[in-house]
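**Student:** Below is the structure, and that's it, no one-letter string:
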């Protein structure tokens, strides 16, 4: 039966996953549950909204350009996008993340992924989110997919006396996604969903890896290995159909 409001291809994808009846499913977030990079978008949004001090924002903008130029690694940049909030109230960051998500990311949610997580949960599947984006944003986003904060493994710093510190707890990207899954979940992976090469390590852990809206480098790997590739409505590159 077609899920209400979804295209046939989207309904077919949802049905194909549900038919597997996974007991556990792990999702990357940016590019997988919604389009775009919410981590980078929030980075600029909070600078523009004065969440961090002006001098911190100026430094951070330059640092991000170094990252784009390849002079800063993925794990360094993802960590610094969280630690730049040192001294900011955790409550302020939570409120900012919710305002940001409602304003910027909500319109970019993939409806079929929202339908999939809802249906998986109704089957008794345990849902997790693993992301290198900060936990303030990811927890808000994961909530829209029925994933509770206790099952969100995102970039995170220690909070002391209600203030964010610059001491990292984790930055789940690349192999570190597989590490945090082994440490925090500690069970065999069944269905895993990702969109970029930074999700490769956790996709390799899966009984059923799903590449959703994949970047070209991940798509190449997926095609070579016979993994499922799915393009949400409106995301297909030229010449590709579901």
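**Tutor:** Structure's in. What do you need? Since the model is a prediction, treat every value here as computed from it, not as a measurement.
**Student:** if you skip the residues just before and after it, what's nearest to the residue nearest in space to the middle of the chain?
**Tutor:** Residue closest to the mean C-alpha point of the chain, counted by C-alpha atoms, centre = their mean, is residue 29 at 2.0 Å. Using C-beta to C-beta, 6 or more residues apart in numbering and skipping residues adjacent in sequence, the residue nearest residue 29 is residue 131, 4.2 Å away. Every C-beta, even on glycine, is put in place using the N, C-alpha and C of the backbone.
**Student:** The one you found: neighbour count?
**Tutor:** Here the number of neighbours of residue 131 (other C-beta atoms under 10 Å) works out to 29.
**Student:** wait, it sits on residue 30?
**Tutor:** Yes - counting by C-beta atoms under 8 Å, residue 131 touches residue 30, with 6.6 Å between them.
**Student:** overlap in contacts of the two?
**Tutor:** Common neighbours of residue 131 and residue 30 (criterion: C-beta atoms under 8 Å, 6 or more residues apart in numbering): residue 39.
**Student:** List the contacts of the residue nearest to the centre of the chain.
**Tutor:** 38, 129, 131, 133, 138, 141, 142, 154.
**Student:** What lies in contact with the longest helix along the chain?
**Tutor:** Of all segments of type helix in the chain, defined using DSSP state H, the longest is helix 54-68. With C-beta under 8 Å, 6+ apart as the test, helix 54-68 has contacts from 40, 43, 47, 52, 72, 73, 74, 76, 77, 80, 81, 84.
**Student:** how far away is the first one from residue 30?
**Tutor:** This means residue 40. For residue 40, the distance to residue 30 (C-beta to C-beta, to the nearest Å) stands at 8 Å.
**Student:** ditto for the second one
**Tutor:** When distances are taken as C-beta to C-beta, residue 43 and residue 30 turn out to be 12 Å apart.
**Student:** Give the residues shared as contacts by those two.
**Tutor:** Listed as contacting both residue 43 and residue 30 by C-beta under 8 Å, 6+ apart is no residue at all.
**Student:** So residue 192 sits against residue 201, correct?
**Tutor:** No - here residue 192 lies out of contact with residue 201, judged by C-beta under 8 Å, at a distance of 10.1 Å.
**Student:** Which one's more surrounded, those two?
**Tutor:** residue 192 (28 against 18).
**Student:** packing partners for the helix or strand containing that one?
**Tutor:** According to DSSP states H and E, residue 192 maps onto strand 189-194. With contacts taken as 3 or more C-beta pairs under 8 Å, 6 or more residues apart in numbering; DSSP states H and E, strand 189-194 sits against strand 24-27, helix 200-203, strand 206-212.
**Student:** Partner strands of it, with direction?
**Tutor:** strand 24-27 (parallel), strand 206-212 (parallel) (DSSP bridges).
**Student:** And the average pLDDT for the helix or strand following the longest one is what?
**Tutor:** It refers to strand 206-212. Moving toward the C-terminus from strand 206-212, the next helix or strand (DSSP H and E) is helix 216-225. Averaging pLDDT along helix 216-225 gives 97.
**Student:** follow-up on the earlier one: which of the contacts of helix 54-68 are buried? Put it as a ChimeraX command.
**Tutor:** Applying 16 or more other C-beta atoms under 10 Å to the contacts of helix 54-68, the buried members can be selected in ChimeraX as follows:
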select :40,43,47,52,72,74,77,80,81,84
